[in-house]
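Engineer: following is a predicted model, sequence given first.
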Amino acid sequence: MRLFAARHKKTLTITLMMLPGAIWLLLLRYLPMAGVVIAFQNYRPHPPNPTMINNILNSRFVGLENFRFIFATDIAWRFIRNTLAYNAVFIVLTTVFAIALAIALSEITKKFIAKLYQTLMFFPFFISWVVVSYFVFAFLSPTHGTFANVSNWYMDPWGWPVILTSAHLWKSLGFTCIIYLAAITGVDHGQYEAAAIDGASKWNQIWSITIPNIRPMIIIMFILAVGRIFNADIGLFYNVPLNSGPLFPVTDVVDTYVLRAFQTLSMGMATAVGLFQQIIGFICIMTANAIVRKVDSDSAIF
Amino acid sequence: MAAITQKEARINKVSLPAEICIHAIVGLFALACIIPFIFIIIISFSSTESLQAVGYSFFPISWSLTAYEAAFNMGSVLWQSYLNSFIVTGVGTFLSVIMTVLYAYGLARRDYPLRHFFAFFIIFTMVFGGGLAPTVMVIRNLLGLSDSLAALIVPALLVPFNVIVMRTFIKASVPESLIESARLDGSGEFHTLLTIVVPLSKPGIATVALLTAINYWNDWFNALLFIRNRSMYPLQYLLMQMQNDIDFIRRNMALIGATNINLADLPSDGLRMALCVLIVVPIACAYPFFQKYIVAGLTVGAIKE
């Protein structure tokens, strides 16, 4: 009986510890989920008491009207195409370059130089997208920029697919590379020594020892990235092009559109496009996770 | 034996030309990672005449400190933003780490019966959410947070990914038997957490604290959503707004034909670059010392249990 009481006291104490986090999740993550009903409403403020709950209770349901409005325009297809295309390119290039860099770093004999490279490559990870937008602006500014005479960059869309891809790689390659490097460092050195004695070249060792050893990690990182293919990095797409309207054909992605919908369209439409993103994102992540579980059940997120 | 190993190590090295190639490629990329920052520093120290004559250049005609004088002459606007960013980062990180450790500890306890429920409760928010509009409305209308530093702190208090990293860390570094024996010795849960779990998972806590601090320091999005009052601007948002202000004035000057506005009165390009430097410098100085914790966190986060 005393043991029973003690066990319950323990459960109670731990639950108490969970409470701050749980309350936060309830208020800031679960309450908004209930708010998605707005996507199906003609949401209007209802004076004299225009609280969110009162407005929801008194707004008319309009079915899929909000969704119809958004998908009737070409803009919807534009941001879907941009989001998927950019993320696909980002995933492939980041994976290939990060692995290549990690292998190259692991082959450097002077360890302190490798450490120096690693530190320099890690710098962009710590920098905000606002600051990155200034870095880019320094090169592209129409008045003083280094490449000012090549194009009117912030008005002319043609260069931006390359600029945005470069900015993404610049910011993310370093730390992705470091994750792979940690995996490569963990590979048993005996395998390389045995291969070297058997006369395997460095190139052969990379293909038949390094890559197979880190393959599970490559596959998992790759699939998880694919699971987030409908989530764009808003810092990159909003700040780096300075939210410039003429560039939208090549810079507008789902997250920037959701933000703009929230700022300029009705709440119903803004919620609708947000809900659309959440549902597609949910499907992508669940699919990716199911595949990861098939490949390597220990690495599934849930 | 040692001699043989050394010889083998030398045999299994890449050839000299190959290593030179590696240094060229990796070195160039490493350099490219900091070149933009160096460029910004150079611009911030370039004189106005030099900017007019050769634009932004790695080799300005003459140097000057006017941009920094202008920055320090901004007075309260700049210092207020600095202070805001420091308060938000400090208080936010402190509260966030406490909440994260508390939540992660429960998830890590194998004998806690509700752990599956709470694990689902947090992981579900990683795959689905209400979207931007309802979230902002809840924070503004129901929680009444806007135009305050709390509006910058509260929305980022808990990052599910960090909780998972923390849980993995606790599981990996605190043996279950240790917690069990503490319990048998009559130690309460809070006591066990403070005297056994926290000291043993210090590297994990450091990782989470650093990721959180960077997140707060670099945040501009919550300011964009919740802050209108200039005195509440964090640094990143101040920098963003300066860019917007200048674009706005430049564009409208042509439209309304207001040629009498003195361009020199606008925050100059040099000033903005100087502010950029002032924002990055604290991070640039500090990160080489704590990067190993981030690496530890990223690699632990990538391995589940």
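Structural biologist: Nice, thanks for sending it over. Here the structure is a predicted model, which is why all the values come from computation and not from measurement. Residues are numbered from 1 along each chain as shown, chains lettered A, B, ... in the order given.

Engineer: only alpha carbons, please: show stretch A:45-61 as CSV.
Structural biologist: What follows is stretch A:45-61, C-alpha atoms only, in CSV (Å, rounded to 0.1, in the frame of the first residue of the first chain):
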residue,chain,number,x,y,z
PRO,A,45,-15.0,40.8,-36.4
HIS,A,46,-18.2,41.0,-34.4
PRO,A,47,-18.5,44.1,-32.4
PRO,A,48,-19.1,45.0,-29.6
ASN,A,49,-17.1,42.1,-28.4
PRO,A,50,-14.7,41.1,-31.2
THR,A,51,-12.7,38.4,-29.4
MET,A,52,-11.4,35.5,-31.5
ILE,A,53,-13.9,33.0,-30.0
ASN,A,54,-16.9,35.4,-30.4
ASN,A,55,-15.9,36.1,-34.0
ILE,A,56,-15.6,32.4,-34.8
LEU,A,57,-19.0,31.6,-33.2
ASN,A,58,-20.7,34.4,-35.2
SER,A,59,-19.1,34.0,-38.6
ARG,A,60,-20.9,32.3,-41.5
PHE,A,61,-19.6,29.0,-42.8
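
Engineer: what's next to that stretch, contact-wise?
Structural biologist: Here stretch A:45-61 makes contact (CB atoms under 8 Å, 6 or more residues apart in numbering or on different chains) with A:Gly35, A:Val37, A:Ile38, A:Phe40, A:Gln41, A:Asn42, A:Tyr43, A:Arg44, B:Met137, B:Val138, B:Asn141, B:Leu142. Heads up, the C-betas are built off the backbone N, CA and C, glycines and all.

Engineer: any chance of a ChimeraX selection covering the buried ones in those?
Structural biologist: Paste this into ChimeraX to select the buried members of these, with burial taken from 16 or more other CB atoms under 10 Å in any protein chain shown:
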select /A:35,37,38,40,41,43 /B:137,138,141
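
Engineer: ok, which pair from the contacts of stretch A:45-61 is furthest apart?
Structural biologist: A:Asn42 and B:Leu142 (20.8 Å; CB to CB).

Engineer: so where is the chain shaky, pLDDT-wise?
Structural biologist: In the absence of a named chain, chain A is used. A:1-4, A:6, A:298-302 (pLDDT under 70).

Engineer: actually chain B
Structural biologist: Using pLDDT under 70, the flagged stretches of chain B are B:1-11, B:246-267, B:298-305.

Engineer: just give me the residue right at the centre of it.
Structural biologist: B:Ile214 (1.9 Å; CA atoms, centre = their mean).

Engineer: name the nearest residue to that residue, ignoring sequence neighbours.
Structural biologist: A:Phe126 (5.9 Å; CB to CB, 6 or more residues apart in numbering or on different chains).

Engineer: from what I see, that neighbour and B:Val281 are in contact.
Structural biologist: No - assessed by CB atoms under 8 Å, A:Phe126 is found out of contact with B:Val281, at 11.7 Å.

Engineer: what segments of the stretch 51-200 of chain A are helices?
Structural biologist: Shown for the stretch 51-200 of chain A, the helices assigned by DSSP state H, counting those that start in this stretch span residues A:52-58, A:65-71, A:74-107, A:111-122, A:129-140, A:160-185, A:189-197.

Engineer: next one: phi and psi at the residue nearest to A:Leu28 when sequence neighbours are not counted?
Structural biologist: With CB to CB, 6+ apart as the criterion, A:Leu28 has its nearest non-adjacent residue at 6.5 Å, and that residue is B:Pro155. When read as degrees, to the nearest 10, the backbone of B:Pro155 gives phi -60, psi -20.
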